[in-house]
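Engineer: just to be clear, the model below is a prediction. Sequence and coordinates:
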Amino acid sequence: MYTKDGEKYFILDAHVALWDARPENQRNIHGKQFIDCFYDYHRNLSPESEVWPYEEYLYQGGQRLMHDLFTEGYVDHAIFQPALLSAFYNNGFGQTEEAFALAQRHPDKLTYNHCWDPRFEEAGLDQLKRDAERFGLKGVKLYTAEWQGDSRGYKLDDPWSYRYLETCQELGIRNIHIHKGPTIRPLDRDAFDVADIDKVATDFTDLNFVVEHCGLPRLEDFCWIATQEPNVHAGLAVAMPFIHSRPRYFAQIIGELLYWLDEDRIQFSSDYAIWTPKWLVEKFVDFRIPGDMTEYAPLTTAQKKKILGLNAARMYDIDVPAECRLPADDSAGRTEAVAVA
């Protein structure tokens, strides 16, 4: 829990991972390209004090995650969103067994989401059913640009993707998180396009589609889809660090999201371990829309509380302490003073 100026914030980090990108786990040159691209994002968008040495960045482990999120990072609950990337890593990039074991030891603090790939067809559907039972899945994380054999990506509106989404409905897996963000070397930019979100959101109205990274750099395309599809949500992973490196750009991102989606469909994410949550939470609570950016309404305390945790907690049925909740009739809360640019 984070407290500032008498206000208490329930923090739910909706996108974290444990990964292993050490050389012995890299299947080929693409494994190194992938983690190097991650490290470039980390190094270029973080405050200097928050930059990790490269060797530490390759593998962090569960003990450090617990410290960075829950001891130092103000996080009350976090959700694992793994990427498999078996074409690049011998034992996968996201560490399923380690992450799930950690979630089992700390069910009050961690939720484990898993992944699927429709290109595995029937065998993958059988695996999804086993995974749903074993992990108690409420959500999944999809990487539509992931390589599989000769394929360098898939679309959510492909026929086999529909079979998997139908199975998610049957299994009660309601939260579908999809990486739709910046290109990560060596994955292909076009495979992260947001257009397929439009069709599946229309056809699966009882599923929540959380577009991770809010479609960047396709923010406008994403917003035009999300404004007409009420089951489409924005995850702020990758958008958040611009609050430090390019605060006016971050103001534009959050301003556009609030205009098109409103504060009930936006979720805070640190994207740990690309970034750590402590400085992101602090900067977001303090953040003001610059005074000369008058097309955007000022951020309110209530909006910040929803984005930082209440929205994702509602989606995942996670209990929030009474002192962190909003009054039932408080949809906007008190407006904070607008900063002078």
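Structural biologist: That came through fine. Numbers count the residues shown, from 1 in each chain.

Engineer: please, where are all the strands along the stretch 201-341 of the chain?
Structural biologist: Applying DSSP state E, counting those that start in this stretch to the stretch 201-341 of the chain gives strands spanning 208-212, 232-235, 266-267.

Engineer: report the rounded mean pLDDT for the longest one.
Structural biologist: Right, strand 208-212. Average pLDDT, strand 208-212: 97.

Engineer: deepest-packed of the strands of the stretch 201-341 of the chain, please.
Structural biologist: Mean neighbours per residue, mean count of other Cβ atoms under 10 Å, is largest over the strands of the stretch 201-341 of the chain for strand 232-235, with a mean of 26. Placement of C-beta: from N, CA and C, glycine included.

Engineer: which other helices and strands does that one contact?
Structural biologist: On a contact count with 3 or more Cβ pairs under 8 Å, 6 or more residues apart in numbering; DSSP states H and E, strand 232-235 meets strand 208-212, helix 219-226, strand 266-267.

Engineer: dump those to TSV, plus distance to Lys32.
Structural biologist: Below are those laid out as TSV (distance: least, Cβ to Cβ, whole Å):
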stretch	distance to Lys32
strand 208-212	23
helix 219-226	30
strand 266-267	31
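
Engineer: tell me which of the strands of the stretch 201-341 of the chain lies nearest to Asp131.
Structural biologist: Closest approach to Asp131 among the strands of the stretch 201-341 of the chain is made by strand 208-212 (18.7 Å; Cβ to Cβ).

Engineer: run the angle between that closest one and helix 219-226 for me.
Structural biologist: 180 degrees (axes from the mean of the first three to the mean of the last three Cα atoms, to 10 degrees).

Engineer: gap between strand 208-212 and the chain center?
Structural biologist: On the basis of Cα atoms, centre = their mean, to the nearest Å, strand 208-212 sits 8 Å off its chain's mean C-alpha point.

Engineer: tell me the helices and strands packed up against that strand.
Structural biologist: On a contact count with 3+ Cβ pairs under 8 Å, 6+ apart, strand 208-212 meets strand 175-179, helix 195-203, strand 232-235.

Engineer: buried residues in stretch 307-317?
Structural biologist: By 16 or more other Cβ atoms under 10 Å, the buried positions in stretch 307-317 come out as Ile307, Leu308, Gly309, Leu310, Asn311, Ala312, Ala313, Met315, Tyr316.

Engineer: quick one: contacts of the lengthiest helix in the chain?
Structural biologist: The longest helix of the chain (DSSP state H) is helix 29-45. For helix 29-45, the surrounding residues in contact (Cβ atoms under 8 Å, 6 or more residues apart in numbering) are 19, 21, 23, 25-26, 51-52, 54, 57-58, 85, 87-89, 93, 147, 182, 184-187, 238, 241-242, 244-245, 274-275.

Engineer: for Thr111, helix, strand, or coil?
Structural biologist: Going by DSSP: H, G, I helix; E, B strand; the rest coil, the secondary structure assigned to Thr111 is strand.

Engineer: residues contacting Leu258?
Structural biologist: If you count contacts by Cβ under 8 Å, 6+ apart, Leu258 has them with Ile266, Tyr296, Ala297, Leu299, Gln303.

Engineer: tell me the pLDDT at it?
Structural biologist: With respect to pLDDT, Leu258 scores 97.

Engineer: show me the shaky parts of the protein.
Structural biologist: Along the chain, the model assigns pLDDT under 70 to residues 329-341.

Engineer: can we see that at 90?
Structural biologist: By pLDDT under 90, the low-scoring segments of the chain are 1, 83, 181-183, 188-191, 262, 327-341.

Engineer: what sits closest to the spatially most central residue of the chain if chain neighbours are left out?
Structural biologist: Nearest residue to the geometric centre of the chain (Cα atoms, centre = their mean): His15, 3.7 Å. Take His15 and drop its neighbours on the chain: the residue closest to it by Cβ to Cβ, 6 or more residues apart in numbering is Ser269, 3.5 Å away.

Engineer: and for that neighbour, the neighbour number?
Structural biologist: 30 (other Cβ atoms under 10 Å).

Engineer: so it sits against Ala237, correct?
Structural biologist: Yes: the pair Ser269 / Ala237 is scored as a contact, 3.7 Å apart, by Cβ atoms under 8 Å.
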